[in-house]
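Novice: Sequence and predicted structure are below.
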Amino acid sequence: MPDEKEQRYDPAAIETKWQERWAADPVLYAAEPAGSSKPKYYVLEMLPYPSGQLHMGHVRNYSIGDALARHMWMRGYNVLHPMGWDAFGLPAENAALKNNTPPREWTLGNVAAMKRQMQRIGFSYDWRTEVTTCLPEYYRWNQWFFLRMVEKGLAYRKKSKVNWCPECATVLANEQVVDGCCWRHEETRVEQRDLEQWFLRITNYAEELLQGLESLEGWPEKVRTMQRNWIGRSEGTEVDFFLEEINLGPRDQGNKEPEKQGSGVRDQGSERRRIRVFTTRVDTIFGATSVQLAPEHPLVAAFTRKDAGLRTQVAGLIDEQRRAREAGDVGAIEKHGVPTGQFAINPYSGETIPIWVANYVLMEYGTGAIMSVPGHDERDFEFAKKYAIPIRRVIAPADPRAEEPELPFTAEDGVLVNSGEYSGLSCAEAQKRLQEVAARSGFGGAKVIFRLKDWGVSRQRYWGTPIPMIHCERDGLVPVPDAHLPVILPEKIEITQTGGSPLARVPDFVNVTCPRCGGPAKRETDTMDTFVDSSWYFYRYTDAKNSSAPFGPERAEYWFPIDQYIGGVEHAILHLIYSRFWTRVMRDLGMIRNSEPATRLFTQGMVIKNGAKMSKSKGNVVSPDEMVAQYGADATRMYALFAAPPDRDLDWQEDGVAGVSRFLARVWRLTARHAAKARSVANGTNNACATASATAQKLLRKMHQTIARITLDFEGRWHFNTCVAAIMEYVNALQEADAQLGSDEISAGVVRELLLTLALLLAPFAPYLAAELWEQLGGEGNILRAPWPKSDPGLAKEDEIEVPVQINGKLAAVIRVAAESDGKTMEAAALADEKVKARTAGRTVVKVIVVPGRAVNLVVK
């Protein structure tokens with residue numbers, strides 16, 4: 001038997017040994033080529049921003065994916081498990097500014113450091129497929145995709161009101177504004193500014209993105225719900241109210257205002273001008289007592305042109321909206337408005353109603369104009385009460401016997417009243433008829449709108465993909481030819497937090513020759529949103545060294561969709577919706593066939609410390625380096641999987657890592673004591689349980705039960721914490737039989753099988769120790785490629801089971817019966833139990849309810 005020194009668990013020595021061996025084998029984690037006879041499995045964790053060191057939140061995410069990848073290799077799959085770096089964008093640039101180091105140098109230094117950390121922890125990545133998005137060999141394909149979108153009309157430029165983060169000094173997409181603040185700088189209020197911006201027409205795919213969610217049954221419902229709400233499909237009606245021509249000035253002035261399609265400022269030749277509104281309740285239109293415009297509606301500018309007082313009041317409403325947006329809750333704005341002195345005519349009733357400007361009406365929703373029906377809308381009711389605007393009932397309960405409800409009455413299953421020829425119709429029937437009339441008469445019709453807006457991808461920052469467009473005085477916007485890609489980001493540049501894009505101050509970058517006319521021109525100086533980089537990176541992993549295309553179609557055909565994608569739920573309406581859009585664009589370009597990037601999505605919980613999410617910005621990170629140095633990589637990653645179910649938040653406790661380390665030391669010592677005996681036989685017992693001792697049979701039964709539990713968790717719910725708990729229970733059972741394991745009572749073949757299985761079960765969770773145990777026990781080949789153990793249901797079944805006995809609903813006893821006992825046998829055993837007999841003495845058993853294999857319930861009087 002080894003002495004105490006030999007039995008001491010030394011994770012540093014064990015892990016250094018295996019890390020060196022694994023590093024010497026560059027194809028250890030390599031996937032087989034497309035066309036392998038093995039079933040494919042693409043498992044992927046979301047790539048990190050390399051703006052610093054890894055923390056335990058990262059380790060938890062990557063440990064989940066690593067355990068799955070290792071398990072699937074052992075199950076015989078051809079596994080692709082890559083890793084890369086989302087290296088452009090705000091975090092890296094801000095960190096570089098803070099540390100007075102060029103972004104490229106800072107970023108690549110962090111990439112190297114984080115890669116070393118990942119390798120030390122033992123993550124099973126195929127680094128030959130590594131992708132770093134800030135390198136030209138990657139971002140040239142961002143530019144290539146952008147040019148294809150320009151050709152397809154999916155990329156365009158317009159002046160737009162944008163979200164501006166003063167801290168980042170750049171534009172943010174709507175999705176990057178959280179509660180009125182920057183998603184990166186959670187206490188910095190976002191401002192509104194007007195800038196020329198590049199957009200991608202994600203709205204062209206709004207309906208398909210929405211419908212596609214129904215096929216994503218392997219995605220969490222909370223993520224699908226978040227995307228449904230963000231896409232925000234609304235079915236309704238567009239209706240044109242006719243504008244009475246009062247002091248608007250020349251018609252051409254009123255019609256030159258702006259460019260929002262469908263805004264309602266229309267010149268119909270000799271026809272009157274119109275205000276187009278969108279409503280989901282056209283059945284209430286006879287109750288409209290005003291039309292309300294967003295403060296930035298183009299018609300408002302026409303109204304205010306000759307009315308300085310109105311212009312001042314509208315400016316105040318605009319400022320109120322701006323402050324509400326910055327606060328992150330426009331819906332909660334205190335409602336204010338001003339009458340314009342203008343009027344509109346209801347096209348159904350002919351009634352003339354006043355036009356107001358209201359701060360709660362948003363230009364970006366619908367047409368920027370609404371019909372206000374205070375009798376049947378809570379928001380309109382509040383506004384009408386405040387400004388004494390008439391309130392009219394036009395919907396009543398369907399049941400004529402029902403009491404007249406208080407206003408506002410918002411039910412949609414009523415009938416129309418006070419609505420002319422439509423009175424008496426149900427709401428649904430009236431909506432249908434009113435839509436038909438509008439369409440037939442040319443003043444509207446049925447309409448579907450979406451909350452989703454086009455994706456603004458312009459950023460006035462340096463550290464991003466240069467947009468490959470050229471501004472020519474003669475030919476306007478000119479795409480950079482494919483042959484000139486990539487447009488290289490200059491390295492030596494002064495970065496400031498003010499004054500727009502730093503690239504605009506680099507003459508050698510800005511001044512170019514127009515590729516179309518040969519004249520002088522200037523480059524676009526905006527860079528792309530970092531979410532462009534992460535919208536398609538997982539396709540590049542399949543063909544990372546391709547210099548002639550983003551990826552080969554045959555490789556994407558083989559590997560996609562991703563079988564399991566893993567990342568935080570905070571990306572539900574950022575990265576995940578953009579990547580679904582990008583996948584569809586590539587499909588329509590003929591590059592791929594799939595419409596969705598991933599079949600299954602898993603969103604892991606956060607790591608919490610001191611009551612807050614672990615993050616660099618909060619200063620509460622725990623470095624895995626410290627944990628690995630003190631307790632070992634296996635204990636560090638195993639704790640991350642054991643401390644909580646992976647979909648729940650984990651409350652960080654260093655004592656927990658120490659506890660897992662002590663458990664692994666127990667495993668090491670247990671195996672060391674019996675390794676020689678296990679090595680003394682070439683093969684196991686082939687489950688020859690019938691000839692084994694009672695103790696051996698009990699241990700083999702526990703082994704098969706443990707295999708079954710862990711296998712089931714990998715195939716279904718992913719409760720890796722219960723997997724680790726099951727291994728701990730198995731080890732406890734082995735330790736209880738420690739003396740028998742070392743005696744003749746349990747054969748060497750059984751000992752070998754029990755301990756080799758323990759190593760195999762540990763392999764996804766503690767790969768270093770598992771590899772060492774496998775070698776010490778004489779296991780064949782690399783444990784990563786060893787077959788995953790199979791559970792025999794017959795051998796896993798208990799000979800006896802414990803059954804609770806209840807009397808009048810209260811637990812009275814627990815009996816042991818043969819596992820195959822029928823109801824009569826269980827009843828007899830329950831009635832024969834001494835505790836049961838004592839509780840029923842002198843009483844009558846009036847009913848016995850037996851749940852076979854589960855429980856016995858007695859009803860007594």
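Specialist: Done, it's in. Residues are numbered from 1 along each chain as shown.
Novice: mind listing what's buried in stretch 13-29?
Specialist: For stretch 13-29, the neighbour count (16 or more other Cβ atoms under 10 Å) marks 14-15, 18-19, 22, 29 as buried. Where you see a C-beta, it was placed from the backbone N, CA and C, and this is true even at glycine.
Novice: do the same with stretch 162-181
Specialist: By 16+ other Cβ under 10 Å, the buried positions in stretch 162-181 come out as 162-165, 167-177, 180-181.
Novice: which stretches of the stretch 301-450 of the chain aren't confidently modelled?
Specialist: For the stretch 301-450 of the chain, the stretches with pLDDT under 70 are 326-329, 331.
Novice: from the buried residues of stretch 13-29, which is closest to Ala748?
Specialist: Ranked by distance to Ala748 (Cβ to Cβ), these are led by Ile14 at 24.6 Å.
Novice: circling back: tell me which of the buried residues of stretch 13-29 fall in helices.
Specialist: The members of the buried residues of stretch 13-29 that map onto helices under DSSP state H are 14-15, 18-19, 22.
Novice: Out of the residues you listed, which is nearest to Phe450?
Specialist: Of all those, Phe450 sits closest to Trp22, with 49.3 Å by Cβ to Cβ.
Novice: Please report the distance of that closest one from Ala30.
Specialist: Using Cβ to Cβ, to the nearest Å, Trp22 is found at 12 Å from Ala30.
Novice: Spell out for me which residue occupies the centre of this structure.
Specialist: Centroid-nearest residue in the chain: Ala572, 3.2 Å away (criterion: Cα atoms, centre = their mean).
Novice: Hmm, that one is touching Glu221, no?
Specialist: No: Ala572 sits out of contact with Glu221 when judged by Cβ atoms under 8 Å, with a separation of 11.2 Å.
Novice: ok, back up a step: which residues touch the residue nearest to the centre of the chain?
Specialist: Neighbouring residues of Ala572 by Cβ atoms under 8 Å, 6 or more residues apart in numbering: 222-223, 226-227, 603.
Novice: Filter the residues you listed down to the buried ones and hand me the ChimeraX line.
Specialist: Remark: buried members of those, expressed as a ChimeraX selection using 16+ other Cβ under 10 Å:
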select :223,226,227,603
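Novice: In CSV, list the contacts of Ala572 along with pLDDT.
Specialist: Below are these laid out as CSV (pLDDT from 0 to 100):
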residue, pLDDT
Lys222, 94
Val223, 95
Met226, 94
Gln227, 95
Thr603, 93
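Novice: State the pair within the contacts of Ala572 that is farthest apart.
Specialist: Pairwise distances across the contacts of Ala572 (Cβ to Cβ) peak at 12.6 Å, for the pair Gln227 and Thr603.
Novice: quick one: average pLDDT of stretch 649-657?
Specialist: Average pLDDT, stretch 649-657: 91.
Novice: Stretch 712-725 too?
Specialist: For stretch 712-725, the mean confidence score works out to 91.
Novice: And the residue found closest to Ala830 once you drop the neighbours it is linked to in the chain, its phi and psi?
Specialist: For Ala830, ignoring the flanking residues on the chain, the nearest one in space by Cβ to Cβ, 6 or more residues apart in numbering is Val856 at 4.2 Å. Per-residue torsions, Val856: phi -130, psi 130 (degrees, to the nearest 10).
Novice: Can you report how many residues lie near Val856?
Specialist: 27 (other Cβ atoms under 10 Å).
Novice: Many thanks, we can stop here.
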